[in-house]
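In: Here's my sequence, what's the structure:
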Amino acid sequence: MNNRGVVAPARRFVWPGENTVQAHKEMRVAFAEDGYLICDDFASAKECAEMIAQADNLIAAFDETAEQIVFSASGQSHAASSYFMNSASQISCFLEAGAVDEAGRLIKPKTQAVNKIGHALHDLDPVFSHFSRQDKCADMAHLLGLNAPLLLQSMVICKQPFIGGEVNSHQDSTFLYTEPESCIGLWVALEPATTANGCMWAARGGHEAPLNSRFHKQGEKMVMTSFSDAELADCTTPLEADTGTLVVLHGRLPHLSHENKSATSRYAYALHLIDGDSTYPDDNWLQRPAELPLCGF
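Out: Presented below is the predicted three-dimensional model:
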């Protein structure tokens, strides 16, 4: 924000850039200062189309009568369900709150009712696994300081037309905590993300503040433990992204997205990484079974 109170546009880069050494240096500086990094043309139009098509295939195969778990990023009401907990090692679909009535019946076509698909796409689905384990993803992880990157969770976020729900301001490390903190999110726009259809907004530089809270298991319950009474920094910078743009998020960066009240969806693929040199606590919500251990690129 400048001295007139006007929010400057987010810095943008192009992957891989003409002068790779200089570009990488500038990217590291931007990420360290802003807490996010925007790289246009990271994914090709073909890759994005293939991921959208595969997401649509997964939604078509989803039995919405068997599992009617609504995902709420504001209330965390889904967190108590075994369906949500088991999604750490599965491919699971979660419904939009605006897609079901009070009895849990769909009031929208299934193709426009899913909030997101998660959380082991990068291990269990061939299309998303192929994209996630490309050299360019590994290069980005190492570029931004992960010594031994592990692929922790992945999801397709649909942001459906007219009902795509709000995601309240949060820090990813609240939910994907390590000691020391190491979470980084790679978020790829599979469709254009604009202020009209619910693009992300970030608190530029907000990652320099401490972690505000932590979501973890306590006994048989999931709880949110607050570390501070301070409010998260305001998210005033829109992170608009065209198809194929990568947005990298520091684990402590406050970010949010508003409701999608437009007629266009906002599909995105998100892959979260942690550093294998950090400790991953046993009371984190996301726990993988022994037969599906975390692995790197």
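In: Count the residues that sit near residue 101.
Out: The local packing count at residue 101 equals 8, with neighbours defined by other C-beta atoms under 10 Å. From N, CA and C alone the C-beta is placed, and that goes for glycine too.
In: Over to residue 186?
Out: Residues near residue 186, counting by other C-beta under 10 Å, number 24.
In: sec struct for residue 187, please.
Out: When the structure is reduced to helix, strand and coil (DSSP: H, G, I helix; E, B strand; the rest coil), residue 187 reads as strand.
In: Give me the distance between it and residue 65.
Out: Counting by C-beta to C-beta, to the nearest Å, the separation of residue 187 from residue 65 is 31 Å.
In: Between those two, which is the more surrounded one?
Out: With other C-beta under 10 Å as the criterion, residue 187 and residue 65 differ in neighbour count, and residue 187 comes out ahead with 23 against 9.
In: hang on, that one packs against residue 267?
Out: No: under the criterion of C-beta atoms under 8 Å, residue 187 lies out of contact with residue 267, with a separation of 11.4 Å.
In: Straight-line length of stretch 199-218, end to end?
Out: According to C-alpha to C-alpha, to the nearest Å, stretch 199-218 extends 34 Å from its N-terminal end residue to its C-terminal end residue.
In: Least confident secondary structure element in the chain?
Out: Ranking every helix and strand in the chain by mean pLDDT, DSSP states H and E puts helix 82-86 at the bottom, with a mean of 91.
In: In terms of secondary structure, what does that one contact?
Out: Other helices and strands packing on helix 82-86, by 3 or more C-beta pairs under 8 Å, 6 or more residues apart in numbering; DSSP states H and E, are strand 91-95.
In: what helices or strands is the strand it packs on leaning on?
Out: For strand 91-95, the packing partners by 3+ C-beta pairs under 8 Å, 6+ apart come out as helix 45-61, helix 82-86, strand 114-119.
In: how does it look with 10 Å?
Out: On a contact count with 3 or more C-beta pairs under 10 Å, 6 or more residues apart in numbering; DSSP states H and E, strand 91-95 meets helix 45-61, helix 82-86, strand 114-119, helix 121-124, strand 149-157.
In: is it true that residue 121 touches residue 88?
Out: No: with contacts defined as C-beta atoms under 10 Å, residue 121 does not count as touching residue 88, sitting 11.8 Å away.
In: returning to that earlier point: figure out which of the helices and strands packed on strand 91-95 is closest to residue 182.
Out: For those, the distance to residue 182 is smallest for strand 149-157, at 8.9 Å, taking C-beta to C-beta.
In: Let me know the angle separating the closest one from strand 91-95.
Out: Computed by axes from the mean of the first three to the mean of the last three C-alpha atoms, to 10 degrees, the angle separating strand 149-157 from strand 91-95 equals 40 degrees.
In: Tell me which of residue 121 and residue 88 has more neighbours.
Out: A direct count of neighbours by other C-beta under 10 Å for residue 121 and residue 88 places residue 121 higher, at 28 against 19.
In: what pLDDT does the more buried one get?
Out: Note for residue 121: predicted pLDDT of 98.
In: separation between it and residue 46?
Out: Looking at residue 121 against residue 46, where the rule is C-beta to C-beta, the gap reads 18 Å.
In: Give the buried residues for the least confident helix or strand of the chain.
Out: Buried residues in helix 82-86, defined by neighbour count with 16 or more other C-beta atoms under 10 Å: 83, 84, 85.
In: got those as CSV, with distance to residue 149 columns?
Out: Formatted as CSV, the buried residues of helix 82-86 follow (distance: C-beta to C-beta, whole Å):
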residue, distance to residue 149
83, 28
84, 25
85, 24
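In: out of those residues, which one sits closest to residue 253?
Out: Within those, distances to residue 253 taken as C-beta to C-beta reach their minimum at residue 84, with 23.9 Å.
In: any weak-confidence spans in this structure?
Out: Along the chain, the model assigns pLDDT under 70 to residues 1-7, 67-69, 71-80.
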